[in-house]
Structure formats: C-alpha cells, structure tokens
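Q: quick one, fold the following:
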Amino acid sequence: MKRLLEGVIDEVIIQPKTVNPMIVNFQNGELKDEATETMSCGLFYDKQKEKKLLALSNGQIVYKGYTPDNKQQFMQTMLVLHNKKTGKIRLVQAERWSVSPVLHKQVIDNNKNTDADRIALLNKQFGSKKVKRKTEQFERMKINVNAVKDDLEKTVSNIEINKEDLETQIVDNDYVTNIHLPQCNRDATNIKDVYNINDIIPENKLETLNETAKETINRVPEGKSKFFTHALRFLKSDPDNIKKVALLLYIEAVAKWLNMPIKDAKKRGINICPYSEEVNSYIIETYSIQSYSGRLRPASMKDKAIIHCIILGLIISDFVIDLELLATMLHNRIGIRKLIDLAKIIAAVPNKNDKKTFTLRLPLPEQVAMVKKGKKKRS
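A: From the prediction side, this is the model:
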C-alpha cells in the first residue's frame, strides 16, 4: 500500500484576477502524451462575449473554450506543490477548462451564383431558341435550398423521438475496459483479489461512511429499495459487515445520482449522499464531466457508474448478484439487458438456473468481445 503524502501546508495561492494553471478537458476525447508535442495553444479575449478564449491546435484541428463558470463549480481545484526536503506544501488554485473542436462552415460564393444568373438572363434574351429552351429547363431543375429547409423543418417538427432509442449502445470492449473498468487481476488465486475496492472508492473516503453503516445495521431504515434491504439482511451476520454496509451506502448514493434528472444534476449544492460530503463530491466528480452548461452524464459515465456498482455488489454479497434486484435501485432506468452485458464485461458469468443472477468465480472466463457481429444474410 502506497504511503500517503505528508507535509505542512505553508502557502495557499488564490489569484482570481490572474492567469491560473489550467486543466484542459477535451470534449471529444483525451489528449495522448505524444500529441502534446504538436499541440500549440494561446489565450485570447473575445470582445463580443467579453470572455477569455483558450485556443489549441495540432495543425489539423482547432479547439476552443471559454472561461469556465465558477458558479457551476462545486469546489476549487488546487494543485499541490510538495517540497520533499522541507516537507512544506503550496496549494495553487487551478482552473478546469473544457474545449471543443471548431467546425468551419462552408462559405457560399455568391459571386459565382450572380455570374450564372447574369449568363442565364443573357441567354434568354439574346440566345437562340435552343439555348433559351436549355436555359429554362436548367432553371426549372434548380432547387431552392431555403424552401427545402423550411419544408423539412415543418415535416420533422411534429415527430416524437423516443429518448431510449438515442441512448448509445455498449461500445467496444477495449474502450470500456481501458476507461471504466477497474484493474482486473486475472492471475489472482483468491477471488477477493480480482478487484481492489480502492480502485473504485479510496479507503479514506469509504471510512467516512462507517458511522452511518453502524447505525444502519442496528436500525433498518425505511423506504429503501429491494436490493438494499435484501443485501442488508444478508450482511448483518457478516464479520466484515461495517465495511460492506458502507459499500452498500455508496452504491445507493451512485444510484441516486444516476436516477436524478439532468436538470437537477446541473444545480449547485445537490446532495446525493447526506452521510458524507466527501463521498458526495467524489461521486459527482467521478461519474460526470464538466461542460459549459454544468455537469453532464453521457452514456459512457453511466456505464462506468453501473460497472462500479455491479463489482461492489458482487463483493458485498459473496460474489453473487441478482441483476433484477439491482435494477430496482436504479428505478428501472437501466434495462436488464444492459446490466447483463456490463456484468459480462467484468468477467461475471450467469447461473445455469437463473440467467439474471451472476457470479464472479475462478478461473475467470475469457474477456467478452462486446462488438456484436451482424447476422449473415442468406444468398
């Protein structure tokens, strides 16, 4: 186990009126280490919006972003500068910027259109009968782009869209494994060593839930989901019940974050874990991304949260989990088919008698390829 950083905070630097260190988030991906050498950046001022503008370019794509709205931030981001010789620590305020690619619109050359109109007019007035006829036929074949655009807008305005159809399906296995799946020890000889709890939630944050866990064991709270009450009944006789009930409380808080409407998730001061402010902030930071309009929960962040909940659910219940019960905690916002697919990613296998109950056991099965091949058409 790594030794925690020890030192004395000697200075805290907060300078809101100066240019602070920037942590940049790319909305369409992550910046690879080798790409930093070709990336150039500059800080400008947009007079129209009266905001600072950060621009970055790799020679092919330009990214830009505006000054982050501090009102949307739940806390200040600080950089820790540690002097190993003196043991003194400086905290320096940093800003989290979000940038997106600039998509250029094609510029319509009005001069070309004007010249074509003039030639057509001359052909109709002074051209031969054959030229006049061809010119008139050509003009009738022209499409009025604005008219077509208006017709399309009227056509699609009354179409109802099912939001479930727009949800991104499970992406390829490499993406889920590398980005959202905690380190999986496939060489483990003990099932308890396959996943490390601290890869999902740090030990010091989990310990802040211990007092509530003790109270929960002694007094079963009301209004809990079927998954919560079933797991709590199982954990009362477990020798490590304090830690496991703390994990159960963490799962419940993550589920509450996923169940919360996005308009409420963007508000400041939201409370999804009343037992611990540290866990509350950690869940929001871990399972969402910062944008110009506040916090967002794309499908990738939801997958990450559900994967973590399934792993922790397996750990607290002797590595057997009923996904149908887990779905009750998620208010059935996530389909059972999606839960089954994500459970297979973490190397859990379905039971023979109940395909909705999954077990994590050794030896682990081969990694599941989530890119499904289409059915072959008969010739």
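Q: please count neighbours and contacts with C-alpha atoms only from this point.
A: Noted.
Q: and for residue 64, nearest residue in space, chain neighbours not counted?
A: In space, and not counting its chain neighbours, residue 64 is closest to residue 55: 4.5 Å by C-alpha to C-alpha, 6 or more residues apart in numbering.
Q: pretty sure the one you found sits against residue 63.
A: Yes. Judged on C-alpha atoms under 8 Å, residue 55 makes contact with residue 63 at a distance of 5.7 Å.
Q: about what we covered before: quickly find the element holding the residue nearest to residue 64.
A: Using DSSP states H and E, the element containing residue 55 is strand 51-57.
Q: sheet-wise, list the partners of that strand with their directions.
A: Next to strand 51-57 in the sheet, as set by DSSP bridges, lie strand 40-46 (antiparallel), strand 62-66 (antiparallel).
Q: and among the ones you listed, the most buried is which?
A: Mean neighbour count, computed with mean count of other C-alpha atoms under 10 Å, is highest for strand 62-66 among the strands paired with strand 51-57, reaching a mean of 20.
Q: helices or strands up against the helix or strand just after that strand?
A: Using DSSP H and E, the helix or strand that directly follows strand 62-66 along the chain is strand 77-82. Contact partners of strand 77-82 among helices and strands, from 3 or more C-alpha pairs under 8 Å, 6 or more residues apart in numbering; DSSP states H and E: strand 88-101.
Q: pull the residues that contact the strand it packs on.
A: For strand 88-101, the external contacting residues (C-alpha atoms under 8 Å, 6 or more residues apart in numbering) are 7-15, 20-28, 54, 61-68, 76-83, 290-292.
Q: quick one, which of those are buried?
A: Among the contacts of strand 88-101, those buried by neighbour count (16 or more other C-alpha atoms under 10 Å) are 25, 54, 62-68, 78-79, 82, 290-291.
Q: quick check: closest non-adjacent residue to the residue nearest to the spatial centre of the chain.
A: Geometric centre of the chain, nearest residue: residue 301, 3.1 Å, by C-alpha atoms, centre = their mean. In space, and not counting its chain neighbours, residue 301 is closest to residue 287: 5.2 Å by C-alpha to C-alpha, 6+ apart.
Q: what's the burial count for that neighbour?
A: 21 (other C-alpha atoms under 10 Å).
Q: how about the contacts made by it?
A: The contact partners of residue 287, by C-alpha under 8 Å, 6+ apart, come to 297, 301-302, 304-305.
Q: what does residue 232 give?
A: So residue 232 contacts 217, 245 (C-alpha under 8 Å, 6+ apart).
Q: okay, buried residues for stretch 235-254 please.
A: By 16+ other C-alpha under 10 Å, the buried positions in stretch 235-254 come out as 235-236, 241-254.
Q: so which of those sit within helices?
A: Judged by DSSP state H, helices contain the following of the buried residues of stretch 235-254: 235, 241-254.
Q: what sits against residue 351?
A: Neighbour list for residue 351: 357-359 [criterion: C-alpha under 8 Å, 6+ apart].
Q: distance of the residue nearest to residue 64 from residue 101?
A: Distance of residue 55 to residue 101, computed by C-alpha to C-alpha, to the nearest Å: 10 Å.
Q: who has more neighbours, those two?
A: Between residue 55 and residue 101, counted using other C-alpha under 10 Å, the more crowded position is residue 55 (19 against 16).
Q: separation between that one and residue 269?
A: 31 Å.
Q: likewise for residue 324?
A: Using C-alpha to C-alpha, we find residue 324 at a distance of 32 Å from residue 269.
Q: show the end-to-end separation of stretch 220-239, please.
A: Taking C-alpha to C-alpha, stretch 220-239 runs 18 Å from one end to the other.
Q: what comes up buried for it?
A: Buried positions in stretch 220-239, judged by neighbour count with 16+ other C-alpha under 10 Å: 225, 227-228, 231-232, 235-236.
Q: kindly report the same for stretch 349-358.
A: Neighbour-count burial for stretch 349-358 flags 349-350, 356-358 (criterion: 16+ other C-alpha under 10 Å).
Q: same deal with stretch 80-94?
A: Per 16+ other C-alpha under 10 Å, stretch 80-94 contains these buried residues: 82, 89-94.
Q: please list all residues in contact with the nearest residue in space to residue 342 that is not next to it in sequence.
A: Excluding its sequence neighbours, the residue lying closest to residue 342 (C-alpha to C-alpha, 6+ apart) is residue 307, at 6.3 Å. By C-alpha under 8 Å, 6+ apart, residue 307 lies in contact with 180-181, 342-343, 346.
Q: over to residue 61?
A: For residue 61, the contact set (C-alpha under 8 Å, 6+ apart) comprises 101-102.
Q: overlap in contacts, residue 55 and residue 101.
A: Each of 62-64 lies in contact with both residue 55 and residue 101 under the rule C-alpha under 8 Å, 6+ apart.
Q: one step back: can I get the buried residues of stretch 349-358 in a markdown table with pLDDT and distance to residue 221?
A: Formatted as a markdown table, the entries for the buried residues of stretch 349-358 read as follows, by pLDDT from 0 to 100; distance: C-alpha to C-alpha, whole Å:
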| residue | pLDDT | distance to residue 221 |
| --- | --- | --- |
| 349 | 92 | 32 |
| 350 | 92 | 31 |
| 356 | 90 | 27 |
| 357 | 92 | 26 |
| 358 | 94 | 27 |
